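**Q** build the 3D model from these lines:
(one chain, ligands or ions: 1)
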Amino acid sequence: MNNVTLSIENEVAVVTIDRPKSLNALNSETLAELGEVFSDIEKRKDVKVLILTGSGEKAFVAGADISEMVNASPAEGRTMALLAAESFAKLENMPQVTIAAVNGFALGGGCEISMACDIRVASENAKFGQPECGLGILPGFGGTQRLPRLVGKGRAKELIFTCDMIDAQEAYRIGLANKVVPQAELLDYCKKMAAKIISNGSYAVSLAKAAINTGLDTDLASGLKFEADAFGLSFSTYDKKEGMTAFLEKRKEKNFKDF
Ligand code: CAA
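**A** Next up, the predicted model:
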């Protein structure tokens, strides 16, 4: 891989987008590499949480690669958007929990890939925005769909139409960032959050993730039906017996087996 690195430790995969000279901008090669890494991780049993970040201290991802797009045809633009849609869908729907460690600029495709993650933790210097309309295009890696789902229609429209860049605190205020931490503590904070998630029943967490994602894409009655089915399924697991028995025995340590 030329533009993406992967390291795995303590059941946590850290995926780093590594094109610092162009502020980790997403070209087609990087999108394809991310798709490969996500396909690999979604099948792995030794990874429970994925942390996605950018290399360097300035940028998470400064967007899709403008130098690749400048001469691209409409068909090529569409192909790029479909490539991103496929790769981001894997990220969004993998059974593992995904955390974006937003370590700087998260603009255009950068904001969009962070929104395909379950949770966004921002460093104090992070900046979010959808500057596409200022380039004569519109968000094409999911921004018109995921941003309104996260922050509401009015705020999403304002951000997309004005191309305003917002800082980490404002992103936190509107619900785009879950938490803001100093940059030096960002990865450690995300790893601690990952450890907390991993200490719970991982199969239950992945069922909860599937229920939330499915429910947000459907009507309430269908979402509640999915939840009831998943809830019932969780009663068949070793972890349900262990978690509830530990509670009744007033035992803090739980020996979850993730099934
Ligand atoms: N694509 C390609 N190259 C990029 C890039 C991008 N999205 N963002 C930054 N770079 C490159 C710059 O061209 C520059 O390269 P050179 O050193 O070769 O000149 C290098 O990264 C450093 O950038 P700057 O000199 O501009 O750094 P700065 O500190 O002055 O500004 C910035 C930082 C505000 C993030 C600015 O780089 C910027 O505005 N970048 C573009 C942001 C943007 O418009 N993103 C949206 C892209 S479109 C999109 O993403 C579509 C979609 O929906 C998928």
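
**Q** could you count how many residues lie near residue 217?
**A** The local packing of residue 217 (other CB atoms under 10 Å) involves 10 other residues. The C-beta positions use only the backbone N, C-alpha and C, and glycine is treated the same way.

**Q** distance of residue 43 from residue 96?
**A** Plainly put, residue 43 is 10 Å away from residue 96 if you go by CB to CB, to the nearest Å.

**Q** so which bits of the stretch 101-250 of the chain are right by the ligand?
**A** 105, 107-109, 112, 131-132, 135, 139-141, 143 (CB under 6 Å from any ligand atom).

**Q** turn these into CSV, columns for neighbour count, pLDDT and secondary structure.
**A** Listed next are these as CSV, based on neighbours: other CB atoms under 10 Å; pLDDT from 0 to 100; DSSP: H, G, I helix; E, B strand; the rest coil:
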residue, neighbour count, pLDDT, secondary structure
105, 24, 98, strand
107, 24, 98, strand
108, 27, 98, coil
109, 29, 98, helix
112, 27, 98, helix
131, 19, 98, coil
132, 22, 98, helix
135, 14, 98, helix
139, 24, 98, coil
140, 20, 98, coil
141, 29, 98, coil
143, 21, 98, helix
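
**Q** and the residues you listed, which is closest to the ligand?
**A** residue 108 (2.3 Å; CB to the nearest ligand atom).

**Q** name the SS class of residue 224, please.
**A** helix (DSSP: H, G, I helix; E, B strand; the rest coil).

**Q** who touches it in this structure?
**A** Neighbouring residues of residue 224 by CB atoms under 8 Å, 6 or more residues apart in numbering: residue 215.

**Q** where do the strands sit along the stretch 51-200 of the chain?
**A** Listed in chain order, the strands of the stretch 51-200 of the chain (DSSP state E, counting those that start in this stretch) span 59-61, 97-102, 105-107, 119-123, 127-129, 166-167, 179-181.

**Q** what pLDDT does the model give the most centrally placed residue in the chain?
**A** By CA atoms, centre = their mean, the chain has its centre lying nearest to residue 117, at 1.2 Å. Per-residue pLDDT puts residue 117 at 98.

**Q** now do residue 40
**A** Looking at residue 40, its pLDDT is 98.

**Q** measure it to residue 80 for me?
**A** From residue 40 to residue 80 the distance is 22 Å (CB to CB).

**Q** more neighbours: those two, which one.
**A** Remark: of residue 40 and residue 80, residue 80 carries more neighbours, 22 against 13, as counted by other CB under 10 Å.

**Q** now residue 88: how far from residue 99?
**A** 15 Å.

**Q** residues near the closest residue to the ligand within the stretch 151-259 of the chain, how many?
**A** As assessed by CB to the nearest ligand atom, the ligand sits closest to residue 165 within the stretch 151-259 of the chain, at 7.4 Å. Residue 165 has 16 neighbours, counted by other CB under 10 Å.

**Q** hmm, it is touching residue 127, no?
**A** Yes. At 5.0 Å, residue 165 counts as touching residue 127 under the criterion of CB atoms under 8 Å.

**Q** shared neighbours of those two, anything?
**A** In contact with both residue 165 and residue 127: residue 107, using CB under 8 Å, 6+ apart.

**Q** how about the helices in the protein?
**A** For the chain, helices defined by DSSP state H occupy the ranges 28-43, 66-69, 74-93, 109-115, 143-151, 153-162, 168-173, 186-198, 202-216, 220-234, 238-248.

**Q** out of these, which one sits most buried?
**A** Highest mean neighbour count among those (mean count of other CB atoms under 10 Å): helix 109-115, with a mean of 29.

**Q** which other residues reach that helix?
**A** 24-26, 34, 52, 54, 59-64, 84, 88, 91, 100, 102, 106, 120, 128-130, 139-143, 146-147, 150, 176.

**Q** ok, residue 32 touching residue 82?
**A** No. Between residue 32 and residue 82 there is no contact under CB under 8 Å: 11.8 Å.

**Q** picking up where we left off before, could I get the strands of the stretch 51-200 of the chain as CSV with distance to residue 209?
**A** Below are the strands of the stretch 51-200 of the chain laid out as CSV (distance: least, CB to CB, whole Å):
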stretch, distance to residue 209
strand 59-61, 22
strand 97-102, 7
strand 105-107, 22
strand 119-123, 11
strand 127-129, 23
strand 166-167, 27
strand 179-181, 19
